[in-house]
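Q: need a 3D model of the following:
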Amino acid sequence: MSREAINEFKPFLSLLIVVATLFGLVFFKMEVRRAGYSVLKLVREERRVRDQQREQLVQLAKILRPDRLQSVAQTRLTLKKAESGQIIQMTDQGIALKQ
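A: So this is what the prediction gives:
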């Protein structure tokens, strides 16, 4: 190629570089925006799962209340309250507490 052909090609090349740079900037801004939406969606999902976990933990605490367990044991399992002398605590040396 001659020098004149290269000189005629330079404006087109510089314009091509400018346009490619602008397209690159627009592409990166769109990717940042898309990533922001993805993060927002994940944050909402995390919040929903965390709220669901808290709700399940509260339900578990309600179910495992001592008075509720006792009432279920007495009604469904026909267990009776222990009376004096029915519970014997044993250790390696023998009976821990004499009734």
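
Q: which stretches in this protein count as helices?
A: Secondary structure of the chain (DSSP state H): helices located at 3-63, 66-75.

Q: and those: which comes nearest residue 90?
A: For residue 90, the closest of the helices of the chain is helix 66-75, at 22.6 Å, according to C-beta to C-beta. Any C-beta I mention is one placed from the backbone N, CA and C, and that applies to glycine too.

Q: and the angle for that closest one with helix 3-63?
A: 60 degrees (axes from the mean of the first three to the mean of the last three C-alpha atoms, to 10 degrees).

Q: coming back round to it: in JSON lines: the helices of the chain, plus distance to residue 93 and mean pLDDT.
A: Putting the helices of the chain into JSON lines (distance: least, C-beta to C-beta, whole Å; pLDDT from 0 to 100) gives the following:
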{"stretch": "helix 3-63", "distance to residue 93": "38", "mean pLDDT": "94"}
{"stretch": "helix 66-75", "distance to residue 93": "30", "mean pLDDT": "85"}
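
Q: how close does the closest residue in space to residue 81 that isn't next to it in sequence sit to residue 23?
A: Of all residues not flanking residue 81 in the chain, residue 74 sits nearest, at 7.7 Å (C-beta to C-beta, 6 or more residues apart in numbering). Counting by C-beta to C-beta, to the nearest Å, the gap from residue 74 to residue 23 is 75 Å.

Q: what do you get for residue 11?
A: Residue 11 is 19 Å from residue 23, by C-beta to C-beta.

Q: quick one: the helices of the chain as CSV, columns for mean neighbour count too.
A: Below are the helices of the chain laid out as CSV (neighbours: other C-beta atoms under 10 Å):
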stretch, mean neighbour count
helix 3-63, 10
helix 66-75, 10
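
Q: looking at these, which is nearest to residue 91?
A: So among these, helix 66-75 is nearest, using C-beta to C-beta, at 25.2 Å.

Q: run through who's touching the closest one.
A: Residues outside helix 66-75 that contact it (C-beta atoms under 8 Å, 6 or more residues apart in numbering): 62, 79, 80, 81.

Q: and these, which two are the farthest apart?
A: Top of the distance list for those (C-beta to C-beta): 62 and 80, 24.4 Å.
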